[in-house]
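In: Have a look at this fold, sequence not included:
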């Protein structure tokens with residue numbers, strides 16, 4: 001609606017570009033940021049940059065780019081913090097599981113050593129050793145090795161016959 005025909009043409013072209021990218025304010029944060037990145041790249045193309053110059057909002061495009069990068073950096077920082085936090089929680093849980101496992105193995109080994117193992121315990125030892133062996137084979141296949149290397153943890157000793 002301006003008196004300058006070049007400004008009207010530039011505004012129409014830019015409006016079409018904004019319409020093409022949609023209403024970013026209604027999008028989820030991740031989607032909004034991605035669409036804004038695409039819009040900014042489109043606005044920075046030479047022909048569109050000329051339109052931005054004509055209507056006088058190159059500075060606004062630069063500010064939008066800066067703010068969008070800030071949001072992306074903050075989002076990535078928070079994601080990384082969450083990953084680090086999850087890893088720390090996982091490590092603590094894993095330590096608790098490992099401790100419980102070591103205690104169970106120790107107690108079962110003591111029962112076997114003292115010849116107090118029942119048939120149920122002998123069966124449990126055989127079943128557990130089979131499961132450990134199957135798991136080690138599966139890991140070896142996943143890692144592309146034909147022979148699995150023994151782990152630090154050794155399976156329960158075979159039940160005496």
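Out: Received, thanks. The structure presented is a predicted model; accordingly, all values stated were derived computationally and were not measured.
In: can you give me how far the helix or strand encompassing residue 135 is from the chain middle?
Out: Taking DSSP states H and E as the definition, residue 135 sits inside helix 119-142. Averaged C-alpha coordinates place helix 119-142 at 31 Å from its chain's average position (CA atoms, centre = their mean, to the nearest Å).
In: Then stretch 99-116?
Out: Distance of stretch 99-116 from its chain centroid, counting by CA atoms, centre = their mean, is 38 Å.
In: name the element the spatially most central residue of the chain belongs to?
Out: The residue lying closest to the centre of the chain (CA atoms, centre = their mean) is residue 83, at 7.2 Å. Using DSSP H and E, residue 83 falls within helix 58-113.
In: how much space is there between the residue nearest to residue 71 when sequence neighbours are not counted and residue 5?
Out: Leaving aside its chain neighbours, residue 71 sits nearest to residue 33 (5.7 Å; criterion: CB to CB, 6 or more residues apart in numbering). From N, CA and C alone the C-beta is placed, and that goes for glycine too. Distance of residue 33 to residue 5, given as CB to CB, to the nearest Å: 35 Å.
In: And the two? Which one has more around it.
Out: Neighbours per residue, other CB atoms under 10 Å: of residue 33 and residue 5, the larger number sits with residue 33, 17 against 8.
In: low-confidence ranges in the protein?
Out: 1, 145-161 (pLDDT under 70).
In: Swap in 80 and give it another go.
Out: For the chain, residues meeting the criterion pLDDT under 80 lie at 1-2, 82-90, 93, 144-161.
In: one step back: the residue nearest to residue 71 is in contact with residue 74, isn't it?
Out: No - assessed by CB atoms under 8 Å, residue 33 is found out of contact with residue 74, at 10.2 Å.
In: Measure how the helix or strand harbouring residue 47 sits relative to helix 58-113, angle-wise.
Out: Assigned by DSSP H and E, residue 47 falls within helix 46-55. For helix 46-55 against helix 58-113, the angle by axes from the mean of the first three to the mean of the last three CA atoms, to 10 degrees is 130 degrees.
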